[in-house]
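Peer 1: requesting a structural model of the entry that follows:
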Amino acid sequence: MTLGMQLDIVRDPAVFDVLKDEWNDLLARGVSRTPFQRAEYQRAWWEHRGGGEWPEAELCVVVARDAGRLVGIAPLFAATNREGRRALLFVGSIEISDYLDFVVACAELDDFCAALLERLTQPDVPPWEVLDLYNLPAASPTRAALGRAAAARGWAATEMKLQPCPVIPLPGDWETYLNTQVEKKERQEIRRKLRRAEGGEQRVTWRLVGADDDLAAEADAFLDLMALTPDKASFLTPAMRAQFRAIVCAAAGHGYLHLTFLEVDGVRAAAYLSFDFGNRLYVYNSAIDPRFNALSVGWVLLAYLLRWSIANKRTAFDFMRGGEDYKLRFGGVPAMIYRVQISAKLHTGDLGGESLVTANPGEAEFFPN
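Peer 2: You can find the predicted model right below:
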């Protein structure tokens, strides 16, 4: 184990509350800084195991300190993965947390990865065959650091691309965005749909849920609106509804919930659940009442969100996972998330993917300063 770094295994879910302040302070200096890594989000996810995604799971949070100072967290749990292997996965895996990573600063990353792999060989760790880490951002230096740590031990390290995550870098004003980041055809279409919504006989308004609103009622209204779309209705099991409510409460309680509704003559027609975090708007999920499709309410509300983000000096509009065409039509620049697998076996053939040892350690950090 790296000299001076002490790593402990924590199985008690109270860890999310006990370490919350230290955890979130470290995240603010971390290699990746997203709302999905915050202690209260992770607690909400663990409470419901991803809305029932992992009914059998054993918490295994690895906490690293150096001279008493918190320097790294690997929020992991043990379960049988999708290939039927005993695995250690990120808390938050897989389906509803778009970005995941260790909570560690760049300066400690290599030491932390090396110490982590050593610590995971100890007998108090739940049995595992593969460290199976989903949803690592392409720009996270963790990918390369894990490759180096695995290579030093003679372990196998592979990675594979999962999904694109389009992001719009935001300029200083709305017209600059439209004129420089959106193709002419799409620019005209956005303007046309906004004019139709704002100049028609029906009254179209949008609002941001605030501190004075009934949060539980607003969350349920969003989920009910989601359920009007058949594929989302099947996704929203009772367990998943409880998971979403917990996430909404966690985000609202710490000031980064961004829940908006578009109303047509006072009736909720569309909604977006987003996270306003780190000077970036993370567009998490959407809901549309199909009765209002003729008004293109989804596009209209998306345009309002973009205008709000630009007016409020956010630097990026993050569509997160999924390569849907509309994200690119609004100017999204494709990025990628990865699945990284580490195994103590000396060959990589049974893991799939490409060798991680050659991953580029010089990629840009995930967030601009």
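Peer 1: how about the helices in this structure?
Peer 2: 15-18, 20-27, 39-52, 106-119, 142-153, 174-181, 184-199, 215-226, 230-235, 238-253, 297-311, 325-329 (DSSP state H).
Peer 1: flag the shaky bits of the chain, pLDDT-wise.
Peer 2: Within the chain, the ranges that satisfy pLDDT under 70 run 1-3, 346-369.
Peer 1: how is it carved up into domains?
Peer 2: The record's domain split for the chain, according to automatic domain parsing, is 5-163+336-355, 167-329.
Peer 1: right, so the ones you listed: which one is the most enclosed?
Peer 2: domain 5-163+336-355 (a mean of 19; mean count of other C-beta atoms under 10 Å). C-beta: built from backbone N, CA, C; applies to glycine.
Peer 1: partners of the residue lying closest to Ser309 once chain neighbours are set aside in the sheet?
Peer 2: Residue nearest to Ser309 in three dimensions, not counting chain neighbours: Leu281, with 4.8 Å by C-beta to C-beta, 6 or more residues apart in numbering. Counting by DSSP bridges, Leu281 is bridged to Asp276, Phe317.
Peer 1: wait, doesn't Leu281 sit right on Asp318?
Peer 2: Yes - counting by C-beta atoms under 8 Å, Leu281 touches Asp318, with 6.6 Å between them.
Peer 1: give me the contacts around stretch 80-95.
Peer 2: 36-37, 41-42, 45-46, 50-51, 53-54, 56, 59-61, 75-79, 97, 100-101, 120, 125-135 (C-beta atoms under 8 Å, 6 or more residues apart in numbering).
Peer 1: next one: stretch 292-299
Peer 2: For stretch 292-299, contacts defined as C-beta under 8 Å, 6+ apart pick out 189-190, 193, 196-197, 200, 202, 204, 262, 264, 269-270, 286, 288-289, 326.
Peer 1: what's the answer for stretch 311-325, then?
Peer 2: Stretch 311-325 is contacted from outside by 98-99, 135, 162-170, 172, 174, 276, 279-284, 305-306, 309, 327, 332, 334, 337, 368, using C-beta under 8 Å, 6+ apart.
Peer 1: quick one: Ala344 and Trp155 touch, right?
Peer 2: Yes - counting by C-beta under 8 Å, Ala344 touches Trp155, with 5.2 Å between them.
Peer 1: ok, Arg339 to Asp318 distance?
Peer 2: 20 Å (C-beta to C-beta, to the nearest Å).
Peer 1: repeat that for Ile337.
Peer 2: Using C-beta to C-beta, we find Ile337 at a distance of 12 Å from Asp318.
Peer 1: likewise Asn312?
Peer 2: For Asn312 relative to Asp318 (C-beta to C-beta), the value is 15 Å.
Peer 1: what about stretch 257-277, start to end distance?
Peer 2: Criterion C-alpha to C-alpha, to the nearest Å; first-to-last residue distance in stretch 257-277 is 8 Å.
Peer 1: stretch 95-102 now?
Peer 2: Its first and final residues considered, stretch 95-102 spans 18 Å by C-alpha to C-alpha.
Peer 1: centre of the chain to it, how far?
Peer 2: 4 Å (C-alpha atoms, centre = their mean, to the nearest Å).
Peer 1: next: stretch 312-320.
Peer 2: Mean-position distance between stretch 312-320 and its chain equals 14 Å (C-alpha atoms, centre = their mean).
Peer 1: and if you look at stretch 239-250?
Peer 2: Using C-alpha atoms, centre = their mean, the offset of stretch 239-250 from its chain centre is 15 Å.
Peer 1: convert the C-alpha atoms of that stretch to CSV, please.
Peer 2: What follows is stretch 239-250, C-alpha atoms only, in CSV (Å, rounded to 0.1, in the frame of the first residue of the first chain):
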residue,chain,number,x,y,z
ALA,A,239,-39.4,1.4,-6.8
MET,A,240,-38.2,3.7,-9.5
ARG,A,241,-40.7,6.4,-8.5
ALA,A,242,-39.4,6.2,-4.9
GLN,A,243,-35.9,6.5,-6.3
PHE,A,244,-36.7,9.6,-8.3
ARG,A,245,-38.4,11.3,-5.3
ALA,A,246,-35.4,10.6,-3.2
ILE,A,247,-33.0,12.1,-5.8
VAL,A,248,-35.3,15.2,-6.2
CYS,A,249,-35.3,15.7,-2.5
ALA,A,250,-31.5,15.3,-2.2
